[in-house]
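[1] Prediction below, plus the sequence it came from.
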Amino acid sequence: MDPESIYGLADSGHIRLARFLFTDSANIIRAKAASASTWKMRFAAGIGLVKGTMAMNMMDELQADTGYGATGEIRLVPDLSTFKVVPYAPATAVVLCDMVDLDHSPWALCPRSILKRQLDIYKEVGIRFEAAFEPEFFLARKEGDRLIPIDESNCFSTDGMNKAANFIDDFVQALQGQDISVEQYYAELGHGQHELSIRHAPALQAADNHILYRETLRGVANQHNLIASLAPKPGVEMPGNGCHLHLSAWDTDTNTNLFWSDNGLSDLGKFFVAGVLRHLPAIVAVTCPSVNSYRRLKPKSWSSAFTCWGYENREAAVRVPSLYWDHELESANIEVKCIDSSANPYLALAVLIAAGMDGVKKKMNPPEPVQADPSTISSTEAAEKKVERLPISLKDATKKLLMDATIMEALGDEFARVYLKVKSSEDAYFAKLTPEDEIKAHLTKF
């Protein structure tokens with residue numbers, strides 16, 4: 001939306017508040033809101049935010065050993081291209097923000113700026129990235145202290161679709177009203193579990209769209225007196241909620257998909273896959289960044305718990321999807337499956353691009369693709385194809401992250417330092433709780 005149209009909304013009185021959205025180190029979506037009468041000033045000068053906010057874990061516990069606390073301030077400066085009027089809150093708009101230091105430079109702890117920095121590196125050499133997130137979510141009604149799934153249907157069942165039809169129709173309409181294009185929808189494997197995917201977009205916009213998707217999902221669910229959760233593992237016996245990420249690289253001069261070839265994946269695409277696999281044990285500290293993530297990231301659960309890739313292999317961490325007829329060039333992409341919605345989408349894209357392009361720069365060749373469930377192959381084949389178990393806990397993943405110079409550099413020294421302390425505090429906190437209490441805590445955060 002252009003600035004004049006936005007100011008027109010303010011003058012009309014139909015929109016009274018704009019929420020300035022940002023994501024923290026635990027991927028909690030937070031906001032401060034500005035009255036419409038202040039927009040012209042606030043859009044230019046931003047809203048103040050204490051720096052200690054980015055040193056808080058998902059329980060709102062400040063990690064004082066990061067050096068951040070009650071002193072120091074940055075500004076939340078909105079990107080007006082992301083301004084949306086939302087249908088789930090009266091007289092309200094939202095806008096996504098960058099965190100800007102008082103000297104007008106991007107703040108080191110701003111996740112959105114971390115992705116922008118990575119994209120700018122490759123923009124200079126004529127490469128842009130397209131991405132799409134595919135979130136799964138759980139819908140339930142609250143009865144006392146219990147959550148009751150809205151359906152008990154089978155996977156892909158039209159009965160499950162019918163049970164959720166009114167909610168899904170409002171959800172689709174709410175997304176479309178924010179210029180977010182829906183791709184496909186179906187009832188998923190778990191009771192009350194659904195998947196609705198949105199169209200790919202330039203990488204920064206794709207991450208922005210995922211934040212808007214999360215906000216819209218929960219806002220519309222609230223209107224229906226439902227609980228919507230994207231938590232990685234919403235119940236001990238329930239299937240996990242993934243958030244698969246599709247990614248492609250494009251030549252900006254020729255608008256050519258650099259991952260495409262007649263054989264399904266170009267040499268550059270294979271180099272990119274090799275880079276992702278090389279750094280994947282560290283990457284999951286960012287793409288699977290909650291304690292709850294590791295209840296999902298297990299063998300034989302279609303969550304891709306091993307370092308391997310394959311063509312149309314849904315147990316591989318990196319899947320190369322088949323191309324769509326008559327749309328082969330534009331549909332060539334890779335899908336990263338070891339990711340869930342507790343991941344900050346800006347950080348997830350930043351580290352995956354850094355890892356993949358490390359493979360491109362060094363012309364890394366991937367091992368042979370795996371065309372079976374990696375948990376079932378022989379130890380000899382696993383060694384030949386470099387199939388290894390991914391970290392089994394957040395603690396193990398953060399150790400891998402600390403040892404990976406490429407991924408640490410992509411995050412930046414200061415952000416990585418704070419991020420690791422926040423994650424360590426979450427690991428320690430949930431180690432003291434029962435599995436049921438840990439699951440309950442995550443259920444309401446994502």
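    Yep, it's here. None of these values were measured; they are calculated from a predicted model. Numbers count the residues shown, from 1 in each chain.
[2] list the contacts for Asn241?
    For Asn241, the contact set (CB atoms under 8 Å, 6 or more residues apart in numbering) comprises 135-138, 193, 229-234, 296, 340-341. All C-beta atoms are positioned from the backbone trio N, CA, C, and that covers glycine.
[3] For those, which two are the farthest from each other?
    By the measure CB to CB, Pro135 and Lys233 form the most distant pair in these, at 14.4 Å.
[4] So for those two, which sits in the more crowded spot?
    For the pair Pro135 and Lys233, the greater number of neighbours falls to Lys233 (29 against 22), based on other CB atoms under 10 Å.
[5] Could you measure from Ala348 over to Ala410?
    Counting by CB to CB, to the nearest Å, the gap from Ala348 to Ala410 is 11 Å.
[6] where exactly do the strands run in the stretch 301-446 of the chain?
    Secondary structure of the stretch 301-446 of the chain (DSSP state E, counting those that start in this stretch): strands at 309-311, 318-320, 334-336.
[7] so what does the second one touch, helix or strand wise?
    For strand 318-320, the elements it packs on are helix 267-287, strand 309-311, strand 334-336, judged by 3 or more CB pairs under 8 Å, 6 or more residues apart in numbering; DSSP states H and E.
[8] can you rerun that using 10 Å?
    In terms of contacts (3 or more CB pairs under 10 Å, 6 or more residues apart in numbering; DSSP states H and E), strand 318-320 is packed against strand 243-251, helix 267-287, strand 309-311, strand 334-336.
[9] Sheet partners, orientation included, of it?
    According to DSSP bridges, strand 318-320 forms sheet pairs with strand 309-311 (parallel), strand 334-336 (antiparallel).
[10] what's in contact with that strand?
    244, 246-247, 259, 264-265, 269-270, 272-274, 276-277, 280, 304, 307-313, 332-338, 352, 356, 366, 369-370 (CB atoms under 10 Å, 6 or more residues apart in numbering).
[11] So which of the strands of the stretch 301-446 of the chain is nearest Ala10?
    strand 334-336 (40.4 Å).
[12] how about the closest one: buried residues?
    Residues of strand 334-336 classed as buried by neighbour count (16 or more other CB atoms under 10 Å): 334-336.
[13] And stretch 236-251, by the same measure?
    Neighbour-count burial for stretch 236-251 flags 238-250 (criterion: 16+ other CB under 10 Å).
[14] so where do the helices sit in the stretch 251-400 of the chain?
    Applying DSSP state H, counting those that start in this stretch to the stretch 251-400 of the chain gives helices spanning 267-287, 293-296, 328-331, 345-361, 379-384, 394-402.
[15] can you put those in a markdown table and add mean neighbour count?
    Formatted as a markdown table, these follow (neighbours: other CB atoms under 10 Å):
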| stretch | mean neighbour count |
| --- | --- |
| helix 267-287 | 25 |
| helix 293-296 | 24 |
| helix 328-331 | 16 |
| helix 345-361 | 25 |
| helix 379-384 | 12 |
| helix 394-402 | 20 |
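[16] and of the ones you listed, who's closest to Asn154?
    Across the helices of the stretch 251-400 of the chain, Asn154 has its closest neighbour in helix 293-296 (20.6 Å, CB to CB).
[17] Just give me how far the strand ranked longest in the chain sits from the chain centre.
    What stands out as the longest strand in the chain, according to DSSP state E, is strand 127-143. Strand 127-143 sits 8 Å away from the centroid of its parent chain (CA atoms, centre = their mean, to the nearest Å).
[18] C-terminal to that strand, which secondary structure element comes first?
    Going down the chain from strand 127-143, the next helix or strand is strand 146-149, by DSSP states H and E.
[19] strand partners of that next one, parallel vs antiparallel please.
    Assessed with DSSP bridges, strand 146-149 is paired to strand 127-143 (antiparallel).
[20] Helix 345-361 and the strand it pairs with, what's the angle between them?
    Angle, strand 127-143 to helix 345-361, by axes from the mean of the first three to the mean of the last three CA atoms, to 10 degrees: 140 degrees.
[21] joint contacts of Ala348 and Ala410?
    115, 283, 286.
[22] export the buried residues of stretch 236-251 to CSV and tack on pLDDT and distance to Gly144?
    Below are those laid out as CSV (pLDDT from 0 to 100; distance: CB to CB, whole Å):
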residue, pLDDT, distance to Gly144
Met238, 86, 19
Pro239, 89, 24
Gly240, 91, 25
Asn241, 94, 24
Gly242, 93, 29
Cys243, 95, 30
His244, 94, 34
Leu245, 96, 37
His246, 96, 40
Leu247, 97, 43
Ser248, 96, 47
Ala249, 97, 50
Trp250, 96, 51
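[23] The residues you listed into JSON lines, with extra columns for distance to Arg128?
    Compiled in JSON lines, the buried residues of stretch 236-251 are given as follows (distance: CB to CB, whole Å):
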{"residue": "Met238", "distance to Arg128": "38"}
{"residue": "Pro239", "distance to Arg128": "34"}
{"residue": "Gly240", "distance to Arg128": "32"}
{"residue": "Asn241", "distance to Arg128": "29"}
{"residue": "Gly242", "distance to Arg128": "26"}
{"residue": "Cys243", "distance to Arg128": "22"}
{"residue": "His244", "distance to Arg128": "21"}
{"residue": "Leu245", "distance to Arg128": "16"}
{"residue": "His246", "distance to Arg128": "15"}
{"residue": "Leu247", "distance to Arg128": "12"}
{"residue": "Ser248", "distance to Arg128": "10"}
{"residue": "Ala249", "distance to Arg128": "7"}
{"residue": "Trp250", "distance to Arg128": "5"}
